[in-house]
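Chemist: my questions concern the predicted model and sequence given below.
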Amino acid sequence: MAPGSPQPESPAHDAGRAEARGGGRAPVKFLYASGAQPLPGYTIKRGVGRGGFGEVYFAVSDAGKEVALKLIRRNLDVELRGVRHCLNLKHPNLIALYDIRSDDQDDQWVVMEYVQGESLEDVLARSPQGLPPEDVNWWMRGIAAGVSHLHDNGIVHRDLKPGNIFLDRSMGGADSGAGTIKLGDYGLSKFISCSRRSGQTESVGTVHYMAPEIAGGRYGREIDTYALGIILYELLTGHVPFEGESVGEVLMKHLTAEPELSKLAEPYREIVRRALTKDPELRIQSVGELIAMLPGGAVDASATAARRPNHDAPRPTFREAPEVEPEPIWNAVASGLSGARSRWVHNYSHPLVRGLIVFAAVMLAVVSMEVWIPVAVFLSIMYGMYFLVWAWIIRPNVDPSLSGGAGARRSPNQHAPTAIYRTGGPRPKRRHWREKALTQLTDKPWRDHAGELLTAMLVSGGVCSLLAIAAGAISGPQNQTAVTLWFAGVATVGSWGVLIVNRLTEGRTEDQTPMRAMMLGVGAVVGVTAFLLSDALLTGVPKWSDAAPRMGESFVYGALKIPGPDFDPGSGLMAIDLTMAVGYFALLFLTLRWWKLAEWTREGRLSLGRVTACVGLAWLLGLFWWFPQPAGVMAAGIVAISTQLSSPWLRPSKRIELAKESY
């Protein structure tokens, strides 16, 4: 291709292209126009990119050599020293840096290799669902070849991302299917990192690949391993694991959230899990170790350049390990629920709004029990029949090579050098932010604990009273005041019990046995309270005929043929006895880990999933030990909501501070 011929914008890029992700590219006005010669010996043809460092131009030397000129508009000596250190690096998978020159205005220019090809960012933009496994392996091996050479020469890239990874087609032409993967911006990566620490991040896209320890100023080679894990996840799925509407939200997820790995097949799931470990000491320690875990493992070190797989040529198929194909319906439902849970956890609306939403959802589920329970039972039976057919007939006939797992097809040309790393001495162990938070919690004096507990109990009583009013109104018009008082008293005692148990045990014990023993006692006290309040208020508890099976259909009452208390169909209220109440609530509080609702380090102020679990178990428990419904379900829901809203919670901003201190 002649240097001066017109070239489309999309395939011609350089390592310094603009870093914005996720939208169309707006026209960029560059400082120098086509034909300008700001640097003696080079003629600019056009601008190709702009970033925080300055601008990048496609240029031609007086001898006709195509190069890229990177104008460094922020002339920092420390950054130029970094570029000079990289001038003598030579590797097929690195964009070559030729020279550093100064113009008449004392601006610094980096003369570098010009790449005729597209970036990995463009490839991913064309593949929103991710790439085939054979392409994923090929890209990862080529990227790893360049990164390993940097690491072997004592250089950490620090800014690995699809926008800095390119496919050079100059070796075989655009239509040959051949190409070499090249990494760019490794010389200026230190400057970009400094900009991030000073609050001058160029784009939200960059922070999607930042390791959590960068927030604390730590820049070991583990941050490149972390970025490779993010890139691998994006290659497989088409999107990054941690997304958000702001830089702060994305950074917080890097520090505290765990990636959703259910959609990844093995061995990719394990690779990403280990590469994205928050603690750099526990992370995959080398690029070579990461690549060895890919299908095919480590390869011949004599292969110095990754070649693009030819999809038209026949490739052998082989299986390294049996791949378990997930059942598609369950996998789709699980992915949907996981996505909904993630959106709920990271939706930081007002706790009162979240509480009202949860309460409305619980009440809607209770009111519509007679509709959705038969439907759920029917769908469960149908799914069970389908699963048997799928497991015994359909799955044995599925070719593992089509599953995208370890047995997928792979090109024989997919290889890159194996990275061998020199390890240094032992480094100090970094503490996870949760461990540091629990240490702070346990170090508090008991007077502070008592004050926080008293405040939480007062708030819990108020929340229980408000929710009890709504529960009493839903239960029916008969004896509404007494029913409301019953719900308020039972839920308040239950919530107080959970708060006390959590305050006594959080950060002090990991053994669930004493905690479950205490929760058993709390449940018994709640049961006694339920009976005494019902007796003192001269009222029964709400019982809807279609809300649960009849008493004789439950396991205990049916097997022992225990006679039930009186039921008044006119009022819809049923009396309860001491055995019924104590047994039901004792089992309810014993079975679930209620103390998790009050943990200081829980993910969110209010968890919809945990409220649903409490309500669901309260209903299922009635199949074993009968109790009038929806009274038991409503009481459990009120306890779950009020406990979370009233208990102290470590806010995301504080978690970020602790995470920074941990590094």
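Modeler: Alright, I've got the coordinates.

Chemist: all helices of the stretch 451-600 of the chain, in order?
Modeler: Taking DSSP state H, counting those that start in this stretch, the helices of the stretch 451-600 of the chain run over residues 480-505, 512-536, 555-560, 578-591.

Chemist: lowest mean pLDDT across these, which one is that?
Modeler: Lowest mean pLDDT within the helices of the stretch 451-600 of the chain: helix 555-560, at a mean of 79.

Chemist: buried ones in that helix?
Modeler: Neighbour counts over helix 555-560 (16 or more other CB atoms under 10 Å) mark V556, Y557 as buried. All C-beta atoms are positioned from the backbone trio N, CA, C, and that covers glycine.

Chemist: pLDDT score for T304?
Modeler: 38.

Chemist: ditto for the one 5 residues further on
Modeler: The predicted local distance difference test score for P309 is 49.

Chemist: what comes up buried for stretch 237-252?
Modeler: Buried, per 16+ other CB under 10 Å, within stretch 237-252: T237, V240, P241, F242, G244, V247, E249, V250, L251, M252.

Chemist: let's verify P92: helix, strand, or coil?
Modeler: Under DSSP: H, G, I helix; E, B strand; the rest coil, P92 falls in the coil class.

Chemist: now it. Its backbone dihedrals?
Modeler: When quoted as degrees, to the nearest 10, the phi and psi of P92 stand at phi -60, psi -20.

Chemist: can you give me the strands for the stretch 51-200 of the chain?
Modeler: Under the criterion DSSP state E, counting those that start in this stretch, the stretch 51-200 of the chain contains strands at 54-61, 66-72, 97-102, 108-113, 115-116, 165-168, 180-183.

Chemist: so which of these gets nearest V459?
Modeler: Across the strands of the stretch 51-200 of the chain, V459 has its closest neighbour in strand 165-168 (51.5 Å, CB to CB).

Chemist: adding mean pLDDT, distance to L290 and mean neighbour count, write the strands of the stretch 51-200 of the chain out as TSV.
Modeler: TSV is the format used below for the strands of the stretch 51-200 of the chain (pLDDT from 0 to 100; distance: least, CB to CB, whole Å; neighbours: other CB atoms under 10 Å):
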stretch	mean pLDDT	distance to L290	mean neighbour count
strand 54-61	88	30	22
strand 66-72	88	29	23
strand 97-102	87	26	16
strand 108-113	88	26	22
strand 115-116	84	25	24
strand 165-168	88	16	24
strand 180-183	89	15	25
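
Chemist: among the ones you listed, which comes closest to Q129?
Modeler: strand 165-168 (19.4 Å).

Chemist: before we move on, back to that, got the strands of the stretch 51-200 of the chain as TSV, with distance to M382 columns?
Modeler: Shown next, in TSV, are the strands of the stretch 51-200 of the chain (distance: least, CB to CB, whole Å):
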stretch	distance to M382
strand 54-61	59
strand 66-72	61
strand 97-102	63
strand 108-113	60
strand 115-116	55
strand 165-168	47
strand 180-183	48
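
Chemist: and of those, who's closest to E452?
Modeler: strand 165-168 (49.6 Å).

Chemist: need the contact list for the residue positioned nearest the centre of the chain.
Modeler: Residue closest to the mean C-alpha point of the chain, counted by CA atoms, centre = their mean, is P259 at 2.9 Å. Residues in contact with P259, defined by CB atoms under 8 Å, 6 or more residues apart in numbering, are Y233, P241, F242, V272, R273, L276.

Chemist: pick out whichever of those sits closest to A265.
Modeler: The shortest approach to A265 among these belongs to V272, at 10.9 Å (CB to CB).

Chemist: what's the residue lying closest to D99 once chain neighbours are set aside in contact with, if anything?
Modeler: For D99, ignoring the flanking residues on the chain, the nearest one in space by CB to CB, 6 or more residues apart in numbering is V111 at 4.4 Å. Taking CB under 8 Å, 6+ apart as the contact definition, V111 lies against L39, Y42, V67, A68, L69, L97, Y98, D99, I100, R101.

Chemist: dihedrals phi and psi, the second one?
Modeler: Y42 has phi and psi values of phi -140, psi 140 when expressed as degrees, to the nearest 10.

Chemist: that one - how many residues pack around it?
Modeler: Number of residues near Y42 (other CB atoms under 10 Å) recorded here: 20.

Chemist: distance check, it against F30.
Modeler: Using CB to CB, to the nearest Å, Y42 is found at 15 Å from F30.

Chemist: P162 touches E118, doesn't it?
Modeler: No - with contact defined as CB atoms under 8 Å, P162 does not count as touching E118 (10.4 Å).

Chemist: hmm, V147 is touching L160, no?
Modeler: Yes - counting by CB under 8 Å, V147 does reach L160; the two are 7.0 Å apart.

Chemist: name the residues contacting each of those two.
Modeler: Common neighbours of V147 and L160 are listed as L183, D224, L228 (criterion: CB under 8 Å, 6+ apart).

Chemist: that'll do, ta.
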